[in-house]
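Peer 1: what shape does this take:
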Amino acid sequence: MATTVPKLPPAATQLVPVFPTFTPEELAALPHDNAGPRLNVVMWVLIAVSTSFLAMRVYCKFARHNRLWWDDHILIAAWVCIVIESCCLSSAISLGYGYHIWDSPLDSRIMPLINVAGTFTIIAAIWSKTSFAITLLRLTDGWMKRAVWFIIISMNIAMGLSALFAWIQCTPLRKAWDIFIPGQCWDPKVIIYYDIFSAAYSALMDFALAILPWKLIWRLQMRRKEKIGVALAMSMGIFAGVTSIIKITKIPTLFNPDFYFQVDLWIWGNAETNVTIVAASIPVLRVLVKEVKSSARRYYVSTEDHTTNRSGYRNQHTITISAGRNSRHQRIRSQDAQSDKSILDDKPGIVRTKEVAVEYHKREERRDEDIELGRVG
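Peer 2: Model prediction:
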């Protein structure tokens, strides 16, 4: 027989949670699961993934002797913020966050941790998106640059207010994290509805930042295949927009004072930043993958050439300057084993041997790299 979870009244303007009373029989019929461990596992797995991509991004910059720029530093700062948020949530989980309200008495240390985690998750989301926008600033001009600046400023204001409201909504201010002291707070609808608005605006800006690279790259002199590849790599932020939309659907769970039902909101809020970090790193990593493939091709050609030299012939240009009247220029085809013989010929005169190695690449590949690392890095 399915159990029915009681519908709890929404939190009051004083932010004092409502603790319903149950008879032993009613309590035994209620679910007693804990969503805390699930939150712990998911958020640290997501951080492990984003850490790997961010580390490879930084490695690519240093490996190519490029210094870190503002977009790199801001992205690293966003990663630090999401790690701090996850540490706060892990601490709150250890204190009982994630249990149903009837299974765990509210610990006074949980709310400060939750408020701090909420602030850092918003800052992490802002900075991760700002990082990619700053990357686009280096590639754009004219109206596109002005549009990117508008996105950066408006998004930071809209989401920054969400972080600020969590701390200034109560009188006295301390009541925002200490729910047991007397005081008054804003109607929860004000905070929650504004959070929905700011999250929706953030998602809209994610899609805008994902579309702009197509306009930028499509006018470059590159092969269509290369254009699509670079544009797709720089449009991965669309997945951050998708996670933002899913997060929006979870924000109304804040009306429920039962912490168990708020876990999904934290999961998708954490995913939003980590997905953005991954998306912002992919354009740089795309060049790393191309270089690995190019190195593999060069190794194959070198190995093939070495094998040919052992069993066949090697072209060598030899210029002979003779002391006599009949100076002559000779082109000698000789095996590697006879190279000394060709240089130390027994004819009188001076022998000069010159070997020239020419390295080349396709013009569009160089332009591709210039977009992703030359100007971006």
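Peer 1: now for Tyr260: which residues touch it?
Peer 2: Contacts of Tyr260 were listed using CB atoms under 8 Å, 6 or more residues apart in numbering, and they are Asp33, Asn34, Ala35, Gly98, Tyr99, His100, Ile101. Heads up, the C-betas are built off the backbone N, CA and C, glycines and all.
Peer 1: in JSON lines: the residues you listed, plus neighbour count and distance to Leu54.
Peer 2: As requested, these are exported to JSON lines (neighbours: other CB atoms under 10 Å; distance: CB to CB, whole Å):
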{"residue": "Asp33", "neighbour count": "12", "distance to Leu54": "34"}
{"residue": "Asn34", "neighbour count": "18", "distance to Leu54": "31"}
{"residue": "Ala35", "neighbour count": "20", "distance to Leu54": "28"}
{"residue": "Gly98", "neighbour count": "24", "distance to Leu54": "28"}
{"residue": "Tyr99", "neighbour count": "19", "distance to Leu54": "33"}
{"residue": "His100", "neighbour count": "19", "distance to Leu54": "36"}
{"residue": "Ile101", "neighbour count": "19", "distance to Leu54": "37"}
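Peer 1: can I get those in a markdown table with distance to Leu89 and pLDDT?
Peer 2: Written out in a markdown table, the entries for the contacts of Tyr260 read as follows (distance: CB to CB, whole Å; pLDDT from 0 to 100):
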| residue | distance to Leu89 | pLDDT |
| --- | --- | --- |
| Asp33 | 18 | 84 |
| Asn34 | 14 | 88 |
| Ala35 | 12 | 89 |
| Gly98 | 9 | 89 |
| Tyr99 | 14 | 87 |
| His100 | 18 | 82 |
| Ile101 | 18 | 80 |
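Peer 1: dump these to JSON lines, plus distance to Ile123.
Peer 2: Formatted as JSON lines, the contacts of Tyr260 follow (distance: CB to CB, whole Å):
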{"residue": "Asp33", "distance to Ile123": "31"}
{"residue": "Asn34", "distance to Ile123": "28"}
{"residue": "Ala35", "distance to Ile123": "24"}
{"residue": "Gly98", "distance to Ile123": "23"}
{"residue": "Tyr99", "distance to Ile123": "28"}
{"residue": "His100", "distance to Ile123": "30"}
{"residue": "Ile101", "distance to Ile123": "29"}
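Peer 1: mind listing which of the residues you listed are in helices?
Peer 2: Secondary structure assignment by DSSP state H places none of the contacts of Tyr260 in helices.
Peer 1: does Thr21 count as helix, strand or coil?
Peer 2: In the three-state summary, Thr21 is assigned as coil, counting by DSSP: H, G, I helix; E, B strand; the rest coil.
Peer 1: measure it to Leu27 for me?
Peer 2: Using CB to CB, to the nearest Å, one obtains 9 Å as the distance from Thr21 to Leu27.
Peer 1: repeat for Leu46
Peer 2: Between Leu46 and Leu27 the distance is 35 Å, computed by CB to CB.
Peer 1: so Ile251 makes contact with Trp268?
Peer 2: No: counting by CB atoms under 8 Å, Ile251 stays clear of Trp268, with 9.5 Å between them.
Peer 1: for the nearest residue to Gly160 once chain neighbours are set aside, grab phi and psi.
Peer 2: Spatially, and ignoring its direct neighbours in sequence, Gly160 is nearest to Ile126 (6.6 Å; CB to CB, 6 or more residues apart in numbering). Dihedral angles of Ile126 (phi, psi; degrees, to the nearest 10) stand at phi -60, psi -50.
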